[in-house]
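Enquirer: Just a sequence and a predicted model for now, questions to come.
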Amino acid sequence: MNSDLLLIGRNTAVMIGGGLLLAMAAAALFAPWLFAGDPTALDPVARLRAPAAAQWFGTDMYGRDLYGRTVYGSRISLLVGLTVAAVSVAVGLSIGLVAGYVRWVDAVVMRVMDGIMAIPGILLAIAMIALAGSSLVTVVVAIAIPEVPRVVRLVRGVVLGIREEPYVEAAISVGTRLPHILIRHVLPNTVAPLIVQATYVCASAMILEAILSFLGAGVPPEIPSWGNIMAEGRTYFQIAPWIIFFPGLALALTVLGVNLLGDGLRDSLDPRITKRM
């Protein structure tokens, strides 16, 4: 009975999370067809209009259609989330493999990772953006750097357990070169936890991008993103709450979908749960 409940819960989480994420990805890809107008077009006559048939999500303080800005804003959030996840996993995997297998490298690398993790991610991102300027590339790099140590620690922990396995010792005894051992015997065992970690990094990156944009340190203001839409509407929250509500709801649903997908994948890829089921 418990196994059936676990299976149902896992499948439900994957279906709901995947559905939410797929819907947001479709909105980002087909934004020009879902909203034919210009999300940056100003219409002062129509400023601060409540949601209606003409403007589904209402308008902001400049008369811009909030539906179009929310749809186009999904592009920035998903692009930042997926790119940060890919960059942090690729860099963290490379460093973690070497640090976990080569002992003298481990002592040096992990102290550097501990130093990076000691700095709050939001402060490090703001400092980098202040130095390099506000752009999409800078935002991605600034968010990815604090996420790399978490991936390194995860991969290192897996490698520390794998390198003591008999098949790894057998490969060493026959003179197999280090790169071949890492790629052939160690790397496949890191795939499952990395997939789960990548989903959490993606969700965290989208939230951090929204925070940076809300603080004015994210993407340039002329590029619609959920963070800067909410930042512009906070002054008018009492008279026009829809300016914050709709992009905030889109961000919440996207992060919820990524987290549900990550939880479902974690249960699917965890051998202990699979064995119980």
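Expert: Nice, I can see it.

Enquirer: Quick check: residue 172 touching residue 182?
Expert: No: if you go by CB atoms under 8 Å, residue 172 and residue 182 don't touch, sitting 11.7 Å apart. Heads up, the C-betas are built off the backbone N, CA and C, glycines and all.

Enquirer: Please say which of these two ends up with more neighbours.
Expert: Neighbour count, other CB atoms under 10 Å: between residue 172 and residue 182, residue 182 has more, with 21 against 14.

Enquirer: gap between the more buried one and residue 239?
Expert: Taking CB to CB, to the nearest Å as the measure, residue 182 falls 59 Å from residue 239.

Enquirer: got any ranges where the stretch 1-150 of the chain has weak pLDDT?
Expert: Low-confidence segments of the stretch 1-150 of the chain, defined by pLDDT under 70, are located at 1-11, 36.

Enquirer: end-to-end on stretch 165-184?
Expert: One end of stretch 165-184 to the other measures 14 Å (CA to CA, to the nearest Å).

Enquirer: Show me what counts as buried in it.
Expert: With burial defined by 16 or more other CB atoms under 10 Å, the residues of stretch 165-184 counted as buried are 168, 171, 181-182.

Enquirer: Out of those residues, the closest to residue 13 would be?
Expert: Proximity of those to residue 13 was ranked by CB to CB; the top entry is residue 182 with 32.6 Å.

Enquirer: Give me the nearest residue to that closest one, chain neighbours excluded.
Expert: In space, and not counting its chain neighbours, residue 182 is closest to residue 97: 5.2 Å by CB to CB, 6 or more residues apart in numbering.

Enquirer: Just list the residues touching the residue nearest to residue 42 when sequence neighbours are not counted, thanks.
Expert: Closest residue in space to residue 42, ignoring its immediate chain neighbours: residue 62 at 5.0 Å, by CB to CB, 6+ apart. For residue 62, the contact set (CB atoms under 8 Å, 6 or more residues apart in numbering) comprises 42-44, 47.

Enquirer: Which helix or which strand is home to the residue most central in space within the chain?
Expert: Taking CA atoms, centre = their mean, the centroid of the chain lies closest to residue 202, which sits 1.3 Å from it. Using DSSP states H and E, residue 202 maps to helix 191-214.

Enquirer: cool, residue 53 as well?
Expert: Following DSSP H and E, there is no helix or strand that holds residue 53.

Enquirer: what about it, neighbour count?
Expert: A count of nearby residues for residue 53, using other CB under 10 Å, gives 5.

Enquirer: try residue 137
Expert: Using other CB under 10 Å, residue 137 is surrounded by 10 other residues.

Enquirer: Check the one 10 residues further on too.
Expert: The number of residues packed near residue 147 is 26, by other CB under 10 Å.

Enquirer: Equivalent analysis for residue 239, please.
Expert: 10.

Enquirer: what pLDDT does the residue nearest to the centre of the chain get?
Expert: You'll see residue 202 listed with a pLDDT of 89.

Enquirer: is it true that it touches residue 261?
Expert: No: between residue 202 and residue 261 there is no contact under CB under 8 Å: 9.3 Å.
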